[in-house]
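# Have a look at this prediction, sequence included:
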There are 2 protein chains.
Amino acid sequence: MNLEEKIIKREPKYHGSIIDVEKQIVKLPNGQESSRDIVYHAKAVAALVITGDNKMLMETQWRAPVQEVTLEIPAGKVDSRDTGSSKDAMVRELNEEVRYRAKTLKHLTGFYTSVGFSDEYMDLYLATDLEPVSDELPRDKGEYLGIKAYSLSEAKHLLDSGKIKDAKTAMAILYWELLSK
Amino acid sequence: MNLEEKIIKREPKYHGSIIDVEKQIVKLPNGQESSRDIVYHAKAVAALVITGDNKMLMETQWRAPVQEVTLEIPAGKVDSRDTGSSKDAMVRELNEEVRYRAKTLKHLTGFYTSVGFSDEYMDLYLATDLEPVSDELPRDKGEYLGIKAYSLSEAKHLLDSGKIKDAKTAMAILYWELLSK
């Protein structure tokens, strides 16, 4: 079955600091026209960070889109400092956010976070064998974080009780549970 | 630690068919100002649908944001037809997309799909005890799907090999693997 849509017209709608928004007019496989809203976003990285005493690191952070403090694994965008590599971005974000260098950084998976309207693609890593960084990089302007360590049973309870509501963090906990079995 | 940001100003930037985009000027906890790009999106639902012969249903679908065909679990937006209930939306989407009614529909988890820039919240269900629907609902205009069933080992292979690149689908496979242990 041919599923492909052809782009007839692109209309830029918003150029923001972290997103670009476009409306597309497309031709469907049956020849009819429809429209698509698209949010372009940088590639992203996130890590399941496991400490020497087998706890995972999570951050509390204010999130403007949902007007609440969320509990999430360390994450960030791949940017020009990272020479395009998601692994470089992950090393930098771990330094900036949790002040650790992971001697072992393993790629777990990669995924589109919300492919219905956005191209954001995130690589998820497992970071272990941590050592404190000697060269602390500056945090992003306006980035306020609180960091804590949680056991697997604590993390699972936070997920099952709805206290964790962040997709990448939920996925990291599921991976951790599978890796622990 | 106080992490809250105060909204100083909201600037609507785009009113689309499935998203609304806003720029906010905010006051950070330290009193400085910053800006936030926010994409508002309807609540969403998705399901790990398991057939009587223990296979999961996935769909191929063209996704304009990434210009490719993706392999995903059945999903959709909660809309006015669902009287605000995500379970109603899930029942409707399962009818529209896979033509099944699930006699057992269990809530697995709920999460923000990309909380850094969007408020989209998705409930993930486990749908089992399937029976074909007698009242087929019409599909969305411009929705072209191909549906297939996969064993757990097939699904895991598709995830591990990078053929599945959709966050909700990856999460569903991880849940299925955990439920199968």
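Right, received. Where do you want to start? Numbering: from 1, shown residues only, chains lettered A, B, ... in the order given.
# which stretches of chain A form strands?
With DSSP state E as the criterion, chain A has strands at A:6-15, A:19-27, A:33-41, A:44-49, A:56-63, A:68-72, A:75-77, A:100-112, A:121-132, A:146-150.
# Which among the ones you listed is found nearest to residue B:65?
Comparison of the strands of chain A against residue B:65 by CB to CB identifies strand A:33-41 as nearest, at 4.8 Å. For glycine as for every other residue, the C-beta is placed from the backbone atoms N, C-alpha and C.
# how about a markdown table for the strands of chain A, with mean pLDDT, distance to residue B:177 and mean neighbour count added?
Formatted as a markdown table, the strands of chain A follow (pLDDT from 0 to 100; distance: least, CB to CB, whole Å; neighbours: other CB atoms under 10 Å in any protein chain shown):
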| stretch | mean pLDDT | distance to residue B:177 | mean neighbour count |
| --- | --- | --- | --- |
| strand A:6-15 | 98 | 37 | 13 |
| strand A:19-27 | 98 | 33 | 18 |
| strand A:33-41 | 97 | 29 | 20 |
| strand A:44-49 | 98 | 16 | 26 |
| strand A:56-63 | 96 | 19 | 22 |
| strand A:68-72 | 96 | 23 | 19 |
| strand A:75-77 | 96 | 23 | 20 |
| strand A:100-112 | 97 | 13 | 17 |
| strand A:121-132 | 98 | 16 | 19 |
| strand A:146-150 | 94 | 22 | 14 |
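# Can you lay out these as TSV showing distance to chain B?
Shown next, in TSV, are those (distance: least, CB to the nearest CB, whole Å):
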stretch	distance to chain B
strand A:6-15	4
strand A:19-27	5
strand A:33-41	4
strand A:44-49	8
strand A:56-63	4
strand A:68-72	5
strand A:75-77	8
strand A:100-112	4
strand A:121-132	7
strand A:146-150	5
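# Tell me which of these approaches residue B:53 most closely.
The minimum distance between residue B:53 and the strands of chain A falls on strand A:100-112, with 26.7 Å, by CB to CB.
# quick one: residue A:61 and residue A:139 touch, right?
No - the pair residue A:61 and residue A:139 does not pass the contact test of CB atoms under 8 Å, sitting 11.3 Å apart.
# shared neighbours of these two, which are they?
Applying CB atoms under 8 Å, 6 or more residues apart in numbering or on different chains, one finds that residue A:61 and residue A:139 are jointly contacted by residue A:145.
# mind giving me the domain split of chain A?
A:6-41, A:44-179 (automatic domain parsing).
# closest one to residue B:44 among the ones you listed?
Among those, the nearest to residue B:44 by CB to CB is domain A:44-179 (7.6 Å).
# residue furthest from the geometric center of chain A?
Distance from the centre of chain A peaks at residue A:31, with 36.3 Å (CA atoms, centre = their mean).
# So that residue versus chain B, what's the distance?
Residue A:31 sits 11 Å away from chain B when distances are taken as CB to the nearest CB, to the nearest Å.
# same question, residue A:17
6 Å.
# was I right about that residue contacting residue B:34?
No - counting by CB under 8 Å, residue A:17 stays clear of residue B:34, with 9.2 Å between them.
# show me the residues around residue A:177 that make contact.
Residue A:177 makes contact with A:152, A:156, B:178 under the criterion CB under 8 Å, 6+ apart.
# One more: residue A:155?
Applying CB under 8 Å, 6+ apart to residue A:155 gives the contacts A:56, A:58, A:164, A:173, A:176.
# ditto for residue A:86
Taking CB under 8 Å, 6+ apart as the test, what residue A:86 contacts is A:43, A:45, A:78, A:110, A:123.
# Report the beta-bridge partner residues of the closest residue to it other than its chain neighbours.
Closest residue to residue A:86 apart from its sequence neighbours, by CB to CB, 6 or more residues apart in numbering or on different chains: residue A:123 at 4.3 Å. Judged by DSSP bridges, the bridge partners of residue A:123 are residue A:45, residue A:110.
# Distance of residue A:123 relative to residue A:157?
Residue A:123 sits 27 Å away from residue A:157, taking CB to CB, to the nearest Å as the criterion.
# next one: residue A:115
Distance, residue A:115 to residue A:157, using CB to CB: 30 Å.
# same check, this time on residue A:56
Separation of residue A:56 from residue A:157 (CB to CB): 13 Å.
# circling back to that earlier point, now the residue farthest from the centre of chain A, what are its backbone angles?
For residue A:31, the backbone dihedrals (degrees, to the nearest 10) come out as phi 100, psi -20.
# who has more neighbours, residue A:115 and residue A:157?
Relative neighbour count places residue A:115 above the other of residue A:115 and residue A:157, with 25 against 13, counting by other CB atoms under 10 Å in any protein chain shown.
# for that one, what are its contacts?
Going by CB under 8 Å, 6+ apart, residue A:115 touches B:63, B:65-66, B:70, B:72, B:165-167.
# What of residue A:100?
Residues in contact with residue A:100 (CB under 8 Å, 6+ apart) are A:49, A:94, A:127, A:130-133.
# give me that answer again for 6 Å
Each residue near residue A:100 by CB atoms under 6 Å, 6 or more residues apart in numbering or on different chains is listed here: A:94, A:130.
# Serialize the contacts of residue A:177 to TSV and add fields for neighbour count and distance to residue B:102.
Output for the contacts of residue A:177, formatted as TSV (neighbours: other CB atoms under 10 Å in any protein chain shown; distance: CB to CB, whole Å):
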residue	neighbour count	distance to residue B:102
A:152	16	30
A:156	16	25
B:178	12	20
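# For residue A:6, state which of the residues you listed is nearest.
Of all the contacts of residue A:177, residue A:6 sits closest to residue B:178, with 40.7 Å by CB to CB.
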